[in-house]
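1. sequence first, then the predicted structure, then my questions.
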Amino acid sequence: MRIDSGVQQFIGILAIGVIFVLTCSALPHKDLNEYGLWLAFHKLDDHDFNTTGEPKELNFSWEDYGGDTSLTNLYQPLFMYSPDSSFFIDMDSYSLDLEKDENGLYTSSGVGVDTKVQLVNRATNKSVDLIFCGTQCYSETVVWFSDYLVQISGFRIDEKVKYIPTLLRIDIKNNLVWNFESNHHFKKKPASYANAFRYTQINFKY
C-alpha cells in the first residue's frame with residue numbers, strides 16, 4: 001500500500017513532535033552514563049524525580065580558577081569534562097585531601113564537611129561555584145548531557161534527618177537551573193557512591 005507524500009510528511013512531523021514532548025517532559029533515561037550508575041547504586045528510578053518549581057536564573061560570577069598548577073594536575077583525573085572538553089566540573093579539590101605517596105599512588109586522609117562543585121572554563125581558566133554545601137547537602141557525581149547541559153546528583157538533608165535524592169540540572173548557555181527531588185527518601189545516610197565508583201584509585205588512611 002502506497003502512502004501519499006503529504007501523509008508521510010505529516011507522520012514525520014508528528015513523530016518529531018512526540019520525541020520533543022517526551023524529551024522535555026521527562027528526565028534523561030536511567031541508562032545514561034554516570035547518572036544511570038548513580039541511580040542503580042542507590043536503587044532509584046528517574047521517574048520518581050519531580051521538579052520542585054520553575055527553573056531559576058543563575059547569575060554566574062566567574063573568578064580565577066586555582067593558581068597552583070601542580071595541585072590542579074593532582075586532581076585532574078577526577079575532573080568531569082563536557083563532551084567538547086570546553087568545560088569541566090571540579091567537585092573534589094575543595095574538600096578532598098589528596099596526595100601521592102612515594103610509589104605514585106593516591107592517598108587521602110578523608111573528605112571535609114564543606115563541599116563545593118565548581119564549573120571551570122578551560123579557555124579562560126575561570127571558574128564559578130555551582131554548589132556549596134555544609135551539613136545540609138552533598139554531591140556525589142556529575143553527568144554531561146550536552147556541551148552546555150550538566151546535572152549534579154546528590155542528596156539534601158532535611159531537618160528531620162531524611163536524605164532526599166536531589167538533582168540539579170544546569171543550562172550553562174542560558175544560565176538556568178532546575179531542581180528535582182525524588183519521592184524515595186532514606187532515613188539513614190546511604191552508602192557512598194563516590195567511594196564505590198569515583199574514588200576507587202584512592203587509598204584512604206582512616
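-> Good, I have the coordinates. Numbering: from 1, shown residues only.

2. where does the protein dip in pLDDT?
-> Applying pLDDT under 70 to the chain flags the ranges 1-32, 67, 206.

3. what are the boundaries of the strands in it?
-> Per DSSP state E, the chain has strands spanning 49-51, 56-57, 63-64, 80-81, 87-90, 96-100, 106-111, 115-121, 126-133, 137-144, 149-157, 163-171, 176-182, 202-204. These are given in chain order.

4. export these to a markdown table and tack on mean neighbour count and distance to residue 37?
-> For the C-beta atoms, the positions are set from N, CA and C on the backbone; glycine is no exception. Putting the strands of the chain into a markdown table (neighbours: other Cβ atoms under 10 Å; distance: least, Cβ to Cβ, whole Å) gives the following:
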| stretch | mean neighbour count | distance to residue 37 |
| --- | --- | --- |
| strand 49-51 | 15 | 16 |
| strand 56-57 | 9 | 27 |
| strand 63-64 | 9 | 31 |
| strand 80-81 | 16 | 13 |
| strand 87-90 | 22 | 16 |
| strand 96-100 | 15 | 19 |
| strand 106-111 | 15 | 20 |
| strand 115-121 | 21 | 18 |
| strand 126-133 | 17 | 20 |
| strand 137-144 | 22 | 8 |
| strand 149-157 | 21 | 10 |
| strand 163-171 | 20 | 14 |
| strand 176-182 | 17 | 16 |
| strand 202-204 | 14 | 18 |
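
5. and of these, who's closest to residue 189?
-> Of all these, strand 163-171 sits nearest to residue 189, with 5.9 Å by Cβ to Cβ.

6. what helices or strands is that closest one leaning on?
-> Packing partners of strand 163-171 (3 or more Cβ pairs under 8 Å, 6 or more residues apart in numbering; DSSP states H and E): strand 126-133, strand 149-157, strand 176-182.

7. dump the strands of the chain to CSV, plus distance to residue 195.
-> Listed next are the strands of the chain as CSV, based on distance: least, Cβ to Cβ, whole Å:
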stretch, distance to residue 195
strand 49-51, 23
strand 56-57, 31
strand 63-64, 30
strand 80-81, 17
strand 87-90, 18
strand 96-100, 11
strand 106-111, 9
strand 115-121, 14
strand 126-133, 17
strand 137-144, 10
strand 149-157, 14
strand 163-171, 16
strand 176-182, 21
strand 202-204, 8
